[in-house]
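Peer 1: when you get a sec, could you give me coordinates for this:
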Amino acid sequence: MIKNISNLIFMTTLMIGSLISISSNSWLGAWMGLEINLLSFIPIIINLKNSLSTESALKYFLTQALASSILLFSILIISIKNNYLHTEINSLMNFILNSTLFMKMGAAPFHFWFPEMMEGLSWMTSLILMTWQKIAPMILISYCLIPFYAMTASIISIIAGSIGGLNQLNLRKLMAYSSINHLGWMLGSLMISNFYWLVYFSLYTLISTAIISLFNQFNLFKINQLFNLSNFNPLMKFLLFCNLLSLGGLPPFTGFLPKWIVIQMMSSINPFLISMMVVPTLITLFFYIRLSYSAFLINYTQTKWNFYYESKMNKSIILHGLTLLGLPIISIIYFTL
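Peer 2: The predicted structure is shown next:
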């Protein structure tokens, strides 16, 4: 009971820290919000039952502390220049600001800590790291965005996330590289407008929540465990792999909708960028299709489906069904209107 109360307190302060960063009127206030968020997330990471969680907490602290110290240094330089020289933020300080925020959210080329840290986390903590922890750095980047640097980071993130996930057997590392890949698309949507970033981030969060809730429910951590999921519930196995294909962006699933919007809006602005974003994403879709093909056709152990389920699976079935069937209707309405 005490542990649950402490986790509730830390989750509350974690969300408050992100909200302080987003709503702050100064860079110093944004830095303070990021520090509150950092110090609240570290106790959530540590789990006495998992020996790797302490190592992950240390990796996260060292990386975030390095990024925060460079961010604070650049903020002080900017404030000194504004007070005494009355000049605008120069390109070098803006470049440093962007780099520290890229490091904080795990975007390439500062992504090397992200998969290694994810390996030692629980599924629910991984979901927080993949979703909520991206909000504050993304909003802050939108205040000081360098278009060419963001375009370069977007392309490198998509390539690194695609190639890095090819030979992974660990599901947490696979989801980490998938998150890096989607970060590249989020940066691309952020270059268009904050609204399209919000649409992409919301749909990505919903699909990731559906997938990770099933991983957490069945304690799945390796790819070969997915092949035996039909022994528990064949329908859940079908919905899981459909959501994985949706996460890869295969039409007509929901995950294709935000990519479709970004492609449509970016094609008239920067055709080169959108082509460099689409081609590496096909590699991500390739290993999801390869995984789904093996699970459905090669490693399928049952000859018929059993439609009698336990009551605890009803919520997961509803969540997976919503991500697959409910939101494509919204996309049809969006593009027809």
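Peer 1: who touches stretch 186-193?
Peer 2: Residues outside stretch 186-193 that contact it (Cβ atoms under 8 Å, 6 or more residues apart in numbering): 107, 134, 138, 141-142, 145, 147, 150-151, 153-154, 157, 196-197, 199-201, 204, 258, 261-262, 265-266, 269-270, 273-274, 277. For every residue, glycine as well, the C-beta is placed using N, CA and C.
Peer 1: for that stretch, buried residues please.
Peer 2: If you call a residue buried by 16 or more other Cβ atoms under 10 Å, then stretch 186-193 has these buried ones: 186-192.
Peer 1: will you turn those residues into a markdown table that also has distance to M32?
Peer 2: Below are the buried residues of stretch 186-193 laid out as a markdown table (distance: Cβ to Cβ, whole Å):
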| residue | distance to M32 |
| --- | --- |
| M186 | 24 |
| L187 | 25 |
| G188 | 30 |
| S189 | 28 |
| L190 | 23 |
| M191 | 28 |
| I192 | 30 |
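Peer 1: so which of these comes closest to L66?
Peer 2: Taking Cβ to Cβ as the measure, L187 is the one of the buried residues of stretch 186-193 closest to L66, at 21.1 Å.
Peer 1: and the closest one, what element?
Peer 2: helix 171-192 (DSSP states H and E).
Peer 1: quick one: distance of that helix to the chain centre.
Peer 2: In terms of Cα atoms, centre = their mean, to the nearest Å, the centre of helix 171-192 is found 6 Å from the chain centre.
Peer 1: now do that helix, average pLDDT.
Peer 2: For helix 171-192, the mean per-residue pLDDT is 92.
Peer 1: close enough to count as contact, A150 and S142?
Peer 2: No - A150 is beyond contact range of S142, at 9.6 Å (criterion: Cβ atoms under 8 Å).
Peer 1: the more surrounded of those two?
Peer 2: It is A150, of A150 and S142, that has more neighbours when counted by other Cβ atoms under 10 Å, with 21 against 15.
Peer 1: please, which helix or strand holds the more buried one?
Peer 2: Per DSSP H and E: helix 147-164 holds A150.
Peer 1: can you list the weak-confidence ranges in the protein?
Peer 2: 1-3, 82-89, 229-233, 297-337 (pLDDT under 70).
Peer 1: what's the single longest helix in it?
Peer 2: Ordering each helix of the chain by length in residues (DSSP state H) puts helix 52-84 first.
Peer 1: so what does it touch, helix or strand wise?
Peer 2: helix 27-45, helix 91-105, helix 113-118 (3 or more Cβ pairs under 8 Å, 6 or more residues apart in numbering; DSSP states H and E).
Peer 1: so which bits of stretch 142-162 are buried?
Peer 2: Buried, per 16+ other Cβ under 10 Å, within stretch 142-162: 144-146, 149-162.
Peer 1: oh, that last question was meant for stretch 10-22, not what I typed.
Peer 2: Buried, per 16+ other Cβ under 10 Å, within stretch 10-22: 10, 13-15, 17-18, 20-21.
Peer 1: just the ones of these in strands?
Peer 2: In strands, judged by DSSP state E, none of the buried residues of stretch 10-22 are found.
Peer 1: so can I have TSV of these showing distance to F238?
Peer 2: Formatted as TSV, the buried residues of stretch 10-22 follow (distance: Cβ to Cβ, whole Å):
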residue	distance to F238
F10	36
T13	40
L14	35
M15	34
G17	39
S18	35
I20	43
S21	40
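Peer 1: next step: those residues restricted to helices.
Peer 2: Counting by DSSP H, the buried residues of stretch 10-22 contribute 10, 13-15, 17-18, 20-21 to helices.
Peer 1: quick one: contacts of stretch 102-118?
Peer 2: With Cβ under 8 Å, 6+ apart, stretch 102-118 has contacts from 34, 56, 59-60, 63-64, 66-68, 71, 99, 126, 129, 133-134, 137-138, 141, 153, 156-157, 159-161, 164, 172-173, 175-177, 179-180, 183-184, 187.
Peer 1: actually stretch 277-287, sorry about that
Peer 2: Contacts of stretch 277-287 (Cβ under 8 Å, 6+ apart): 154-155, 158-159, 161-163, 165-166, 178, 181, 184-185, 188, 245, 248-250, 259, 262-263, 266.
Peer 1: now swap in stretch 47-54 and tell me
Peer 2: 45-46, 119-122, 125.
Peer 1: what distance separates the start and the end of that stretch?
Peer 2: 7 Å (Cα to Cα, to the nearest Å).
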